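# Turn this into a structure:
(one chain, ligands or ions: 2)
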Amino acid sequence: MKIQRVTVTPIAFRDPPLLNASGIHEPFALRSIIEIESDNGYIGLGESYGDAPALAIQQQLQEQLIGLDPFNLNQLRAIVQATVAANKPRSMAGAELAPGSHASKAVSNAYSAFEVAFLDLQAHYLKVPLVDLLGGAVRDEIPFSAYLFFKYAEHIDSPYKADAWGEALNEAQIVAQARRMIEDYGFKSIKLKAGTLPPEQEVECIKALKKAFPGYPLRIDPNGNWSLPTAIRMAQLLGDDLQYYEDPTPGLEGMAELHRRTGLPLATNMVVTDFDEFRRSVALNSTQIVLADHHYWGGLRDTQVLAKMCQTFGLGVSMHSNSHLGISLMAMAHVAASVPNLDYACDTHYPWQEPDEEVIKGGKVPIVDGCVKVTRAPGLGLELDYGQLARLHDQFLSCGIRQRDDVKQMQRYKLEWKAVKPRF
Ligand code: GKR
Ligand code: MG
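Ligands and ions are numbered 1, 2, ... in the order given. The predicted structure follows:
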(Lines give C-alpha, C1' and ligand atoms only; values in the text may rest on other atoms or scores of the structure.)
(Ligands and ions follow the chains in the order given, each with its own letter.)
Protein backbone atom coordinates (compact mmCIF):
# COMPACT_ATOMS: atom_id res chain seq x y z
CA MET A 1 0.00 0.00 0.00
CA LYS A 2 1.35 3.42 -0.97
CA ILE A 3 0.20 6.97 -0.33
CA GLN A 4 -1.05 8.58 -3.52
CA ARG A 5 -2.68 11.82 -2.28
CA VAL A 6 -1.90 14.19 0.57
CA THR A 7 -4.07 17.28 0.99
CA VAL A 8 -3.57 19.97 3.61
CA THR A 9 -6.51 22.39 3.76
CA PRO A 10 -6.28 25.45 6.00
CA ILE A 11 -9.59 26.41 7.57
CA ALA A 12 -10.93 29.12 9.88
CA PHE A 13 -13.90 28.82 12.21
CA ARG A 14 -15.70 31.34 14.39
CA ASP A 15 -14.16 31.59 17.86
CA PRO A 16 -15.72 33.56 20.75
CA PRO A 17 -14.02 36.55 22.43
CA LEU A 18 -12.37 34.48 25.18
CA LEU A 19 -9.95 36.26 27.52
CA ASN A 20 -6.60 34.90 28.62
CA ALA A 21 -3.24 35.98 30.01
CA SER A 22 -2.05 37.28 26.63
CA GLY A 23 -5.22 39.12 25.65
CA ILE A 24 -8.24 37.86 23.78
CA HIS A 25 -9.10 35.33 21.08
CA GLU A 26 -9.48 36.68 17.56
CA PRO A 27 -12.86 36.23 15.81
CA PHE A 28 -11.58 33.20 13.87
CA ALA A 29 -9.37 30.30 14.96
CA LEU A 30 -7.13 28.62 12.38
CA ARG A 31 -6.60 24.89 11.88
CA SER A 32 -5.40 22.63 9.11
CA ILE A 33 -7.27 19.52 7.98
CA ILE A 34 -5.08 16.75 6.62
CA GLU A 35 -6.15 13.94 4.31
CA ILE A 36 -3.93 11.04 3.28
CA GLU A 37 -5.24 8.69 0.62
CA SER A 38 -3.68 5.33 -0.29
CA ASP A 39 -3.52 3.76 -3.76
CA ASN A 40 -6.16 1.25 -2.66
CA GLY A 41 -8.65 3.95 -1.66
CA TYR A 42 -8.25 4.26 2.13
CA ILE A 43 -8.32 7.73 3.70
CA GLY A 44 -6.73 8.91 6.95
CA LEU A 45 -7.58 12.25 8.60
CA GLY A 46 -5.63 14.63 10.80
CA GLU A 47 -6.17 18.10 12.29
CA SER A 48 -3.44 20.46 13.35
CA TYR A 49 -2.37 24.09 13.72
CA GLY A 50 -3.32 26.41 10.89
CA ASP A 51 -0.94 29.22 11.86
CA ALA A 52 1.36 30.30 9.03
CA PRO A 53 4.64 28.69 10.23
CA ALA A 54 3.02 25.31 10.99
CA LEU A 55 1.03 25.42 7.77
CA ALA A 56 4.08 26.20 5.64
CA ILE A 57 5.83 23.04 6.86
CA GLN A 58 2.72 20.90 6.45
CA GLN A 59 2.23 22.16 2.90
CA GLN A 60 5.86 21.46 2.01
CA LEU A 61 5.45 17.92 3.25
CA GLN A 62 2.45 17.18 1.02
CA GLU A 63 4.41 16.16 -2.09
CA GLN A 64 7.19 14.45 -0.17
CA LEU A 65 4.86 11.90 1.39
CA ILE A 66 3.54 10.61 -1.93
CA GLY A 67 4.68 7.02 -2.48
CA LEU A 68 5.37 6.36 1.21
CA ASP A 69 4.01 3.24 2.92
CA PRO A 70 1.45 4.60 5.44
CA PHE A 71 2.76 2.08 8.01
CA ASN A 72 6.23 3.61 7.86
CA LEU A 73 6.08 6.17 10.65
CA ASN A 74 9.87 6.18 11.09
CA GLN A 75 10.27 7.33 7.51
CA LEU A 76 7.58 9.96 8.07
CA ARG A 77 9.55 11.28 11.05
CA ALA A 78 12.81 11.35 9.07
CA ILE A 79 11.16 13.31 6.23
CA VAL A 80 9.63 15.78 8.69
CA GLN A 81 12.97 16.28 10.43
CA ALA A 82 14.79 16.93 7.15
CA THR A 83 12.11 19.36 5.93
CA VAL A 84 12.11 21.35 9.17
CA ALA A 85 15.93 21.44 9.22
CA ALA A 86 15.96 22.83 5.68
CA ASN A 87 13.43 25.53 6.56
CA LYS A 88 14.83 26.86 9.86
CA PRO A 89 11.48 28.16 11.20
CA ARG A 90 11.50 31.10 13.61
CA SER A 91 9.22 31.61 16.64
CA MET A 92 6.62 34.32 16.15
CA ALA A 93 4.92 36.68 18.62
CA GLY A 94 2.32 35.09 20.88
CA ALA A 95 3.85 31.63 20.51
CA GLU A 96 3.48 30.87 24.20
CA LEU A 97 -0.24 30.18 24.16
CA ALA A 98 -0.21 29.11 20.52
CA PRO A 99 2.14 26.15 20.12
CA GLY A 100 1.46 26.18 16.36
CA SER A 101 3.76 29.18 16.13
CA HIS A 102 6.61 27.80 18.22
CA ALA A 103 9.79 27.08 16.21
CA SER A 104 11.18 24.55 18.71
CA LYS A 105 8.01 22.50 18.28
CA ALA A 106 8.08 22.46 14.46
CA VAL A 107 9.16 18.80 14.12
CA SER A 108 6.83 17.45 16.79
CA ASN A 109 3.89 19.56 15.49
CA ALA A 110 4.29 18.50 11.86
CA TYR A 111 5.07 14.88 12.67
CA SER A 112 1.98 14.69 14.88
CA ALA A 113 -0.29 16.25 12.24
CA PHE A 114 0.59 13.48 9.77
CA GLU A 115 1.07 10.65 12.27
CA VAL A 116 -2.60 10.88 13.27
CA ALA A 117 -3.64 10.72 9.60
CA PHE A 118 -1.27 7.78 8.93
CA LEU A 119 -2.62 5.89 11.95
CA ASP A 120 -6.21 6.65 10.92
CA LEU A 121 -5.48 5.25 7.45
CA GLN A 122 -3.76 2.16 8.89
CA ALA A 123 -6.73 1.52 11.16
CA HIS A 124 -9.22 1.92 8.29
CA TYR A 125 -7.19 -0.55 6.24
CA LEU A 126 -7.17 -3.03 9.15
CA LYS A 127 -10.82 -2.26 9.96
CA VAL A 128 -10.07 -1.57 13.62
CA PRO A 129 -10.50 1.54 15.77
CA LEU A 130 -7.35 3.64 15.91
CA VAL A 131 -6.94 2.93 19.63
CA ASP A 132 -6.24 -0.72 18.76
CA LEU A 133 -2.99 0.42 17.12
CA LEU A 134 -2.09 2.08 20.42
CA GLY A 135 -2.40 -1.14 22.37
CA GLY A 136 -6.18 -1.19 22.79
CA ALA A 137 -8.65 0.73 24.92
CA VAL A 138 -8.42 0.62 28.70
CA ARG A 139 -11.61 2.75 28.75
CA ASP A 140 -14.12 3.67 26.08
CA GLU A 141 -15.56 6.79 27.71
CA ILE A 142 -13.10 9.63 28.01
CA PRO A 143 -13.94 12.27 30.64
CA PHE A 144 -13.51 15.95 29.76
CA SER A 145 -13.96 18.97 32.02
CA ALA A 146 -16.06 22.12 31.64
CA TYR A 147 -13.54 24.72 30.46
CA LEU A 148 -14.75 28.17 31.57
CA PHE A 149 -13.43 31.47 30.26
CA PHE A 150 -13.92 35.09 31.16
CA LYS A 151 -15.24 36.65 28.00
CA TYR A 152 -16.80 39.65 26.36
CA ALA A 153 -20.31 39.44 24.94
CA GLU A 154 -19.03 39.94 21.40
CA HIS A 155 -15.95 40.72 19.34
CA ILE A 156 -14.95 44.28 18.62
CA ASP A 157 -16.63 45.64 15.46
CA SER A 158 -19.14 42.70 15.55
CA PRO A 159 -17.72 40.65 12.64
CA TYR A 160 -20.71 38.31 13.01
CA LYS A 161 -23.71 37.74 15.29
CA ALA A 162 -22.71 37.48 18.98
CA ASP A 163 -22.42 33.94 20.42
CA ALA A 164 -25.12 32.64 22.75
CA TRP A 165 -22.88 32.48 25.85
CA GLY A 166 -22.94 36.21 26.61
CA GLU A 167 -20.54 38.18 28.76
CA ALA A 168 -18.65 36.53 31.66
CA LEU A 169 -16.71 39.01 33.77
CA ASN A 170 -17.88 38.29 37.32
CA GLU A 171 -18.79 35.44 39.68
CA ALA A 172 -22.49 35.28 38.78
CA GLN A 173 -21.75 35.17 35.05
CA ILE A 174 -19.05 32.50 35.48
CA VAL A 175 -21.39 30.35 37.56
CA ALA A 176 -24.08 30.77 34.87
CA GLN A 177 -21.56 29.76 32.19
CA ALA A 178 -20.61 26.67 34.20
CA ARG A 179 -24.25 25.77 34.76
CA ARG A 180 -25.05 25.95 31.07
CA MET A 181 -21.95 23.95 30.11
CA ILE A 182 -22.70 21.26 32.69
CA GLU A 183 -26.37 21.07 31.69
CA ASP A 184 -25.49 20.79 27.99
CA TYR A 185 -22.58 18.34 28.27
CA GLY A 186 -22.77 16.70 31.70
CA PHE A 187 -19.21 17.62 32.72
CA LYS A 188 -18.16 16.43 36.18
CA SER A 189 -15.21 18.76 36.78
CA ILE A 190 -14.52 22.43 36.10
CA LYS A 191 -11.51 24.41 34.90
CA LEU A 192 -11.40 28.21 35.00
CA LYS A 193 -9.07 30.00 32.59
CA ALA A 194 -7.63 32.84 34.67
CA GLY A 195 -4.75 35.34 34.49
CA THR A 196 -7.15 37.95 33.18
CA LEU A 197 -9.01 39.82 35.96
CA PRO A 198 -7.34 40.92 39.21
CA PRO A 199 -6.37 37.60 40.91
CA GLU A 200 -8.59 38.12 43.99
CA GLN A 201 -11.63 38.37 41.70
CA GLU A 202 -10.68 35.15 39.94
CA VAL A 203 -10.30 33.42 43.32
CA GLU A 204 -13.77 34.68 44.25
CA CYS A 205 -15.07 32.97 41.11
CA ILE A 206 -13.56 29.67 42.28
CA LYS A 207 -15.27 30.18 45.66
CA ALA A 208 -18.58 30.85 43.88
CA LEU A 209 -18.13 27.73 41.72
CA LYS A 210 -17.37 25.67 44.80
CA LYS A 211 -20.59 26.87 46.41
CA ALA A 212 -22.68 26.33 43.27
CA PHE A 213 -21.23 22.91 42.40
CA PRO A 214 -20.29 21.19 45.67
CA GLY A 215 -18.06 18.17 45.19
CA TYR A 216 -16.94 19.13 41.67
CA PRO A 217 -13.16 19.05 41.24
CA LEU A 218 -12.01 22.61 40.43
CA ARG A 219 -8.91 23.93 38.66
CA ILE A 220 -7.66 27.43 37.93
CA ASP A 221 -5.19 28.23 35.12
CA PRO A 222 -3.67 31.75 35.05
CA ASN A 223 -1.17 30.73 32.31
CA GLY A 224 1.85 31.86 34.33
CA ASN A 225 0.46 35.38 34.73
CA TRP A 226 0.87 35.54 38.52
CA SER A 227 4.21 36.40 40.12
CA LEU A 228 5.46 33.93 42.72
CA PRO A 229 4.29 36.14 45.66
CA THR A 230 0.85 36.55 44.02
CA ALA A 231 0.58 32.82 43.34
CA ILE A 232 1.49 32.08 46.99
CA ARG A 233 -1.04 34.64 48.24
CA MET A 234 -3.79 33.20 46.02
CA ALA A 235 -2.86 29.67 47.17
CA GLN A 236 -3.51 30.79 50.75
CA LEU A 237 -6.93 32.15 49.74
CA LEU A 238 -7.78 29.04 47.73
CA GLY A 239 -6.79 26.67 50.53
CA ASP A 240 -7.74 23.18 49.48
CA ASP A 241 -10.46 24.27 47.02
CA LEU A 242 -8.46 23.02 44.05
CA GLN A 243 -7.99 19.61 42.48
CA TYR A 244 -4.82 21.14 41.02
CA TYR A 245 -3.29 24.56 40.50
CA GLU A 246 -2.43 24.92 36.79
CA ASP A 247 0.51 27.10 35.66
CA PRO A 248 -0.06 29.83 38.23
CA THR A 249 3.45 31.24 37.93
CA PRO A 250 6.09 31.23 35.18
CA GLY A 251 9.14 28.99 34.85
CA LEU A 252 10.30 25.64 36.16
CA GLU A 253 12.07 27.32 39.11
CA GLY A 254 9.01 29.45 39.98
CA MET A 255 6.73 26.42 39.93
CA ALA A 256 9.20 24.39 42.02
CA GLU A 257 9.40 27.15 44.63
CA LEU A 258 5.60 27.51 44.69
CA HIS A 259 5.19 23.78 45.29
CA ARG A 260 7.82 23.89 48.06
CA ARG A 261 6.04 26.79 49.73
CA THR A 262 2.41 25.59 49.39
CA GLY A 263 2.52 21.82 48.94
CA LEU A 264 -0.27 22.18 46.35
CA PRO A 265 -0.29 19.84 43.32
CA LEU A 266 0.78 21.91 40.31
CA ALA A 267 -0.19 21.04 36.75
CA THR A 268 1.35 22.43 33.59
CA ASN A 269 1.13 22.75 29.85
CA MET A 270 3.61 25.64 29.88
CA VAL A 271 6.78 24.65 31.72
CA VAL A 272 6.86 21.00 30.59
CA THR A 273 6.28 20.98 26.84
CA ASP A 274 8.97 18.53 25.68
CA PHE A 275 11.09 15.70 27.06
CA ASP A 276 14.02 17.94 27.97
CA GLU A 277 11.76 20.15 30.10
CA PHE A 278 10.27 16.97 31.58
CA ARG A 279 13.75 15.89 32.73
CA ARG A 280 14.47 19.30 34.26
CA SER A 281 11.06 19.43 35.93
CA VAL A 282 11.59 16.05 37.57
CA ALA A 283 14.98 17.22 38.90
CA LEU A 284 13.40 20.36 40.42
CA ASN A 285 10.01 18.82 41.35
CA SER A 286 8.35 21.72 39.50
CA THR A 287 5.12 20.01 38.60
CA GLN A 288 3.07 17.06 39.77
CA ILE A 289 0.70 16.74 36.80
CA VAL A 290 1.66 17.04 33.13
CA LEU A 291 -1.02 18.11 30.65
CA ALA A 292 -0.23 16.21 27.49
CA ASP A 293 -1.18 17.43 24.02
CA HIS A 294 -0.41 15.15 21.09
CA HIS A 295 -0.35 18.14 18.69
CA TYR A 296 2.95 19.37 20.13
CA TRP A 297 4.23 16.32 22.04
CA GLY A 298 5.01 14.56 18.77
CA GLY A 299 1.85 12.57 18.11
CA LEU A 300 -0.21 9.86 19.73
CA ARG A 301 2.60 7.38 20.33
CA ASP A 302 4.90 9.99 21.92
CA THR A 303 1.97 11.02 24.12
CA GLN A 304 1.88 7.42 25.33
CA VAL A 305 5.63 7.64 26.02
CA LEU A 306 5.00 10.83 28.02
CA ALA A 307 2.26 9.09 30.02
CA LYS A 308 4.63 6.20 30.75
CA MET A 309 7.33 8.63 31.89
CA CYS A 310 4.77 10.29 34.18
CA GLN A 311 3.94 6.91 35.66
CA THR A 312 7.65 6.15 36.14
CA PHE A 313 8.27 9.42 37.99
CA GLY A 314 5.01 9.37 39.98
CA LEU A 315 3.39 12.27 38.12
CA GLY A 316 -0.27 12.61 37.12
CA VAL A 317 -1.41 12.95 33.50
CA SER A 318 -4.19 14.93 31.94
CA MET A 319 -4.69 16.72 28.62
CA HIS A 320 -4.35 20.30 27.36
CA SER A 321 -6.29 21.85 24.50
CA ASN A 322 -6.42 24.83 22.15
CA SER A 323 -9.41 25.83 19.98
CA HIS A 324 -10.08 22.76 17.83
CA LEU A 325 -12.64 20.71 15.91
CA GLY A 326 -13.78 17.09 15.98
CA ILE A 327 -10.81 15.35 14.33
CA SER A 328 -8.54 16.66 17.09
CA LEU A 329 -11.13 15.76 19.73
CA MET A 330 -11.34 12.16 18.50
CA ALA A 331 -7.53 11.86 18.24
CA MET A 332 -7.33 13.08 21.86
CA ALA A 333 -10.05 10.61 22.84
CA HIS A 334 -8.31 7.63 21.18
CA VAL A 335 -4.96 8.28 22.81
CA ALA A 336 -6.66 9.01 26.15
CA ALA A 337 -8.51 5.68 25.80
CA SER A 338 -5.13 3.93 25.61
CA VAL A 339 -3.47 5.58 28.63
CA PRO A 340 -4.03 3.57 31.84
CA ASN A 341 -2.80 6.36 34.12
CA LEU A 342 -4.98 9.18 32.76
CA ASP A 343 -5.85 10.50 36.20
CA TYR A 344 -7.97 13.56 35.46
CA ALA A 345 -10.69 14.72 33.05
CA CYS A 346 -9.09 16.27 29.94
CA ASP A 347 -9.42 19.87 28.77
CA THR A 348 -11.30 20.73 25.60
CA HIS A 349 -12.38 23.98 23.94
CA TYR A 350 -14.94 22.03 21.88
CA PRO A 351 -18.11 23.43 23.56
CA TRP A 352 -16.95 26.90 22.42
CA GLN A 353 -17.15 25.91 18.75
CA GLU A 354 -20.41 26.54 16.89
CA PRO A 355 -22.36 23.49 15.64
CA ASP A 356 -22.38 24.78 12.05
CA GLU A 357 -18.57 25.07 11.97
CA GLU A 358 -17.63 21.37 12.10
CA VAL A 359 -15.86 19.66 9.16
CA ILE A 360 -16.93 16.10 9.88
CA LYS A 361 -20.00 14.37 8.51
CA GLY A 362 -22.95 14.42 10.89
CA GLY A 363 -21.79 17.55 12.73
CA LYS A 364 -20.20 17.84 16.15
CA VAL A 365 -18.97 14.81 18.09
CA PRO A 366 -21.34 14.28 21.05
CA ILE A 367 -20.13 14.83 24.60
CA VAL A 368 -22.49 12.97 26.93
CA ASP A 369 -22.19 12.82 30.74
CA GLY A 370 -18.95 14.77 30.27
CA CYS A 371 -17.46 12.00 28.13
CA VAL A 372 -16.51 11.32 24.51
CA LYS A 373 -17.12 7.74 23.49
CA VAL A 374 -14.57 5.73 21.52
CA THR A 375 -16.55 3.20 19.49
CA ARG A 376 -15.51 0.14 17.46
CA ALA A 377 -15.82 2.12 14.18
CA PRO A 378 -12.62 1.90 12.09
CA GLY A 379 -9.92 4.54 12.58
CA LEU A 380 -11.03 7.71 14.32
CA GLY A 381 -14.58 6.84 13.27
CA LEU A 382 -14.89 10.03 11.20
CA GLU A 383 -15.49 11.13 7.62
CA LEU A 384 -15.05 14.59 6.14
CA ASP A 385 -17.98 16.75 5.07
CA TYR A 386 -16.45 18.22 1.90
CA GLY A 387 -19.06 20.99 1.63
CA GLN A 388 -18.14 22.21 5.12
CA LEU A 389 -14.43 21.84 4.42
CA ALA A 390 -14.77 24.09 1.35
CA ARG A 391 -16.83 26.65 3.29
CA LEU A 392 -14.35 26.82 6.19
CA HIS A 393 -11.47 27.05 3.73
CA ASP A 394 -13.18 30.05 2.08
CA GLN A 395 -13.57 31.50 5.56
CA PHE A 396 -9.80 31.03 6.04
CA LEU A 397 -9.12 32.86 2.76
CA SER A 398 -11.39 35.78 3.65
CA CYS A 399 -10.79 36.18 7.43
CA GLY A 400 -7.39 37.85 7.02
CA ILE A 401 -5.84 36.07 10.05
CA ARG A 402 -2.72 34.03 9.32
CA GLN A 403 -1.21 33.71 12.78
CA ARG A 404 -2.93 33.68 16.16
CA ASP A 405 -2.06 36.86 18.06
CA ASP A 406 -4.14 37.44 21.19
CA VAL A 407 -1.96 40.40 22.24
CA LYS A 408 -2.54 42.34 19.02
CA GLN A 409 -6.24 41.55 19.16
CA MET A 410 -6.49 42.95 22.72
CA GLN A 411 -4.77 46.15 21.56
CA ARG A 412 -7.85 46.78 19.42
CA TYR A 413 -9.87 47.03 22.65
CA LYS A 414 -7.17 48.63 24.83
CA LEU A 415 -4.58 50.68 22.98
CA GLU A 416 -2.03 50.52 25.83
CA TRP A 417 -2.18 46.67 26.14
CA LYS A 418 1.23 44.97 26.16
CA ALA A 419 2.57 41.43 26.39
CA VAL A 420 3.71 41.38 30.05
CA LYS A 421 4.33 38.24 32.05
CA PRO A 422 3.56 38.01 34.90
CA ARG A 423 0.99 40.82 34.76
CA PHE A 424 -0.17 40.43 38.40
O1 GKR B 1 -7.47 29.29 24.42
O2 GKR B 1 -6.95 31.12 25.44
C3 GKR B 1 -6.86 29.91 25.29
C4 GKR B 1 -6.00 29.13 26.25
O5 GKR B 1 -5.37 30.00 27.15
C6 GKR B 1 -4.98 28.30 25.50
O7 GKR B 1 -4.28 29.12 24.61
C8 GKR B 1 -4.01 27.61 26.42
O9 GKR B 1 -2.97 27.07 25.65
O10 GKR B 1 -5.87 26.16 27.04
C11 GKR B 1 -4.55 26.43 27.16
C12 GKR B 1 -4.03 26.22 28.55
O13 GKR B 1 -4.53 25.37 29.24
O14 GKR B 1 -3.06 26.86 28.93
MG1 MG C 1 -3.09 25.53 30.82
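
# and residue 404, what are its phi and psi?
phi -60, psi 130 (degrees, to the nearest 10).

# Apologies, that question was intended for residue 388.
Torsion angles, degrees, to the nearest 10, at residue 388: phi -70, psi -40.

# That one reaches residue 355, doesn't it?
No: at 11.1 Å, residue 388 does not count as touching residue 355 under the criterion of Cβ atoms under 8 Å. The C-beta positions use only the backbone N, C-alpha and C, and glycine is treated the same way.

# So which of those two has more stuff around it?
Remark: of residue 388 and residue 355, residue 388 carries more neighbours, 20 against 7, as counted by other Cβ atoms under 10 Å.

# Please report how far whichever residue of the stretch 251-400 of the chain sits closest to ligand 2 lies from residue 83.
Proximity to ligand 2, evaluated over the stretch 251-400 of the chain using Cβ to the ion, is greatest for residue 269 at 4.3 Å. To residue 83, residue 269 is 26 Å away according to Cβ to Cβ, to the nearest Å.

# ranges for the helices of the chain?
52-64, 73-87, 106-126, 171-185, 199-212, 228-238, 252-262, 275-284, 294-297, 299-312, 326-338, 386-399, 406-411 (DSSP state H).

# Below-threshold pLDDT in the chain: ranges please.
Where the chain drops to pLDDT under 70, the residues are 92-96, 98-100.

# Return the residues of this protein in contact with ligand 2.
Counting by Cβ under 5 Å from the ion, the chain comes close to ligand 2 at 221, 269.

# Break the chain down into its domains, please.
3-131+386-399, 135-373 (automatic domain parsing).

# Would you format these as JSON lines with distance to ligand 1 included?
JSON lines is the format used below for those (distance: least, Cβ to the nearest ligand atom, whole Å):
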{"stretch": "domain 3-131+386-399", "distance to ligand 1": "4"}
{"stretch": "domain 135-373", "distance to ligand 1": "5"}
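
# Could you dump the ones you listed into CSV and include distance to residue 423?
As requested, the domains of the chain are exported to CSV (distance: least, Cβ to Cβ, whole Å):
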stretch, distance to residue 423
domain 3-131+386-399, 7
domain 135-373, 5
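
# coming back round to it: would you turn the helices of the chain into TSV with distance to residue 378?
TSV is the format used below for the helices of the chain (distance: least, Cβ to Cβ, whole Å):
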stretch	distance to residue 378
helix 52-64	24
helix 73-87	18
helix 106-126	5
helix 171-185	26
helix 199-212	40
helix 228-238	45
helix 252-262	42
helix 275-284	32
helix 294-297	20
helix 299-312	16
helix 326-338	12
helix 386-399	19
helix 406-411	38
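
# And the residue of the stretch 1-150 of the chain closest to ligand 2?
For the stretch 1-150 of the chain, the residue closest to ligand 2 is residue 97, as judged by Cβ to the ion, at 8.6 Å.

# what sits against that residue?
20-22, 223, 322, 404, 406 (Cβ atoms under 8 Å, 6 or more residues apart in numbering).

# quick one: it from residue 269, how far?
10 Å.

# Just give the closest residue to residue 177, not the sequence neighbours.
Using Cβ to Cβ, 6 or more residues apart in numbering and skipping the chain neighbours, the partner closest in space to residue 177 is residue 168 (4.9 Å).

# and residue 226, what are its phi and psi?
Dihedral angles (degrees, to the nearest 10) for residue 226: phi -110, psi 130.

# From residue 258, how far off is it?
Taken as Cβ to Cβ, the span from residue 226 to residue 258 is 9 Å.
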